[in-house]
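S.K.: I need the structure of the sequence given here:
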Amino acid sequence: ARALGELPALSHLDLSGCALGVEGAEELARGLAGCGQLATLVLAEAGLGDHGAAALARALPSLPRLTSLCLRRNALHAPGVLALCDALPSAIAHLDLSHNFPGAAGFRRLAQVLPRCSALVSALVHAAPAEEGAAGGTATGQEAREEEEEARLLG
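M.R.: A predicted model of the protein is given here:
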């Protein structure tokens, strides 16, 4: 990921299926700081989780030309989705958060943020089926409160 800083003209990065995890996402986020021309970032099935999404969210302000972001199937719950919502670039035109677990808090925040994305053409944000999320595809009331609390802590 450090090598990304040596590619200032990079406009498309696809790391789909790479098992980045939290540490990889943090390293990637540091590398993205030097990629101001990046327009497309695809991290489908990269194992980001909520903490990885929070690391990525911290890097998004350094990507003013980002128009397409795909984070499909990354086990994102409300905390990760909330972190991303607060950092979405205004130029975003295509957003794919499908097959994740945003929960009620994530869907509410998306409903608030997406109308402000004037360039938005497509947004895929449907939740993953419960059987995909053995680690919590559906949340009880207590789990939802815990997700919201964790989101405040991550933020």
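S.K.: might you report the residue contacts of the spatially closest residue to residue 112 that is not a sequence neighbour?
M.R.: In space, and not counting its chain neighbours, residue 112 is closest to residue 85: 7.7 Å by C-beta to C-beta, 6 or more residues apart in numbering. Heads up, the C-betas are built off the backbone N, CA and C, glycines and all. By C-beta atoms under 8 Å, 6 or more residues apart in numbering, the contact list for residue 85 reads 106, 109-110, 112-113.
S.K.: in TSV: the residues you listed, plus secondary structure and distance to residue 79.
M.R.: As requested, the contacts of residue 85 are exported to TSV (DSSP: H, G, I helix; E, B strand; the rest coil; distance: C-beta to C-beta, whole Å):
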residue	secondary structure	distance to residue 79
106	helix	9
109	helix	11
110	helix	14
112	helix	16
113	helix	15
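S.K.: list just the nearest of those to residue 53.
M.R.: Checking those against residue 53 with C-beta to C-beta, the nearest one is residue 106 at 10.6 Å.
S.K.: phi first, then psi, for the residue nearest to residue 112.
M.R.: phi -60, psi -40 (degrees, to the nearest 10).
S.K.: stretch 85-103: end-to-end distance?
M.R.: 14 Å (C-alpha to C-alpha, to the nearest Å).
S.K.: cool, stretch 81-89 as well?
M.R.: Note: stretch 81-89 ends 14 Å apart using C-alpha to C-alpha.
S.K.: and for stretch 3-19?
M.R.: 18 Å.
S.K.: off-centre distance for it?
M.R.: Stretch 3-19 sits 16 Å away from the centroid of its parent chain (C-alpha atoms, centre = their mean, to the nearest Å).
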